[in-house]
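K.L.:
Would you be able to build a 3D model of this:
(2 chains)
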Amino acid sequence: EAQVTQNPRYLITVTGKKLTVTCSQNMNHEYMSWYRQDPGLGLRQIYYSMNVEVTDKGDVPEGYKVSRKEKRNFPLILESPSPNQTSLYFCASSPSTTGGADTEAFFGQGTRLTVV
Amino acid sequence: QKEVEQNSGPLSVPEGAIASLNCTYSDRVSQSFFWYRQYSGKSPELIMSIYSNGDKEDGRFTAQLNKASQYVSLLIRDSQPSDSATYLCAVRKYQLIWGAGTKLIIKP
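P.N.:
Residues are numbered from 1 along each chain as shown, chains lettered A, B, ... in the order given. The predicted structure is shown next:
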């Protein structure tokens, strides 16, 4: 089954304790991205990757890191989480970004992170 | 001005009526347009995509695109309580740009 898999689904952690949220897709998509979603603010892009070893900042990158060593995986790293990073996080992938029918985004199930 | 704008709602529609959701965008070079449905706490799922001016119908859903006026709309006919959700408009030039979503409530 074609899917984007995120883990964990729920995470409660303490301020300053490094964490990683994993994301894996099995559709051979070139493009992957991370979003956070907060009430009233919609989806905000954190980082994106056009292909292996190519990553770039989105709209809200502060406090986050990513890596793209393999095409299928795109982990999100919070080196020192703070309470303002409490949010619902989504990983998404797309076949490409060239426009047209192959550019829809496929989403993971989401990770609800609470930083206390 | 936001790049993609939607009325946050909530939009309340009686069951069986037509729900009309609107979205405007600022970049004339945008190429692809998408409507996603998102239930509370769940991930967005694609409802409709549209790439050229005019209407595109899929079951009870119709997407309408007017590039000259820079708006895209979604019509839901014979609205059902299960259609109650937040509807996200997304526009792609290179990156996907998201609207904040419109909350739709279908009243039985």
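K.L.:
Can you name the element that comes right after the longest strand seen in chain A?
P.N.:
Taking DSSP state E as the assignment, the strand of chain A that covers the most residues is strand A:42-51. With elements assigned by DSSP states H and E, the helix or strand that comes after strand A:42-51 is strand A:54-57.
K.L.:
Return the distance of that following strand from the chain's centre.
P.N.:
Between the centre of strand A:54-57 and the centre of its host chain there is 12 Å, according to Cα atoms, centre = their mean, to the nearest Å.
K.L.:
Sheet partners, orientation included, of that strand?
P.N.:
Counting by DSSP bridges, the strands paired with strand A:54-57 are strand A:42-51 (antiparallel).
K.L.:
can you tell me the average pLDDT over stretch A:74-93?
P.N.:
Mean pLDDT, taken over the full extent of stretch A:74-93, equals 97.
K.L.:
tell me what the worst-scoring helix or strand of chain B on mean pLDDT is packed against?
P.N.:
Taking mean pLDDT, DSSP states H and E as the measure, the helices and strands of chain B show their lowest mean at strand B:96-98, namely a mean of 87. Counting contacts by 3 or more Cβ pairs under 8 Å, 6 or more residues apart in numbering or on different chains; DSSP states H and E, the secondary-structure elements packed against strand B:96-98 are strand B:85-92. For glycine as for every other residue, the C-beta is placed from the backbone atoms N, C-alpha and C.
K.L.:
Give me the residues contacting the strand it packs on.
P.N.:
Strand B:85-92 is contacted from outside by A:42-43, A:97, A:99, A:103, A:105, B:3-4, B:6, B:21, B:23, B:25, B:27, B:30-40, B:44, B:47, B:72, B:74, B:96-99, B:101-104, using Cβ atoms under 8 Å, 6 or more residues apart in numbering or on different chains.
K.L.:
what's the next secondary structure element after the least confident helix or strand of chain B?
P.N.:
Using DSSP H and E, the helix or strand that follows strand B:96-98 towards the C-terminus is strand B:102-107.
K.L.:
That following strand - which strands sit beside it in the sheet, and in what orientation?
P.N.:
Strand B:102-107 sits in its sheet next to strand B:11-14 (parallel), strand B:85-92 (antiparallel), going by DSSP bridges.
K.L.:
So which of the ones you listed is the most surrounded?
P.N.:
Each of these was given a mean neighbour count from mean count of other Cβ atoms under 10 Å in any protein chain shown, and the largest, a mean of 24, is that of strand B:85-92.
K.L.:
could you give me the average pLDDT of it?
P.N.:
If you average the pLDDT values across strand B:85-92, you get 94.
K.L.:
do the same with stretch A:45-56
P.N.:
Averaging pLDDT along stretch A:45-56 yields 92.
K.L.:
can you give me the offset of the least confident helix or strand of chain B from its chain's centre?
P.N.:
On Cα atoms, centre = their mean, the centre of strand B:96-98 falls 12 Å from that of its chain.
K.L.:
what residues does it touch?
P.N.:
Applying Cβ under 8 Å, 6+ apart, the external contacts of strand B:96-98 come out as A:33, A:35, A:42-43, A:94, A:103, A:105, B:3-4, B:25, B:27, B:30, B:34, B:88-91.
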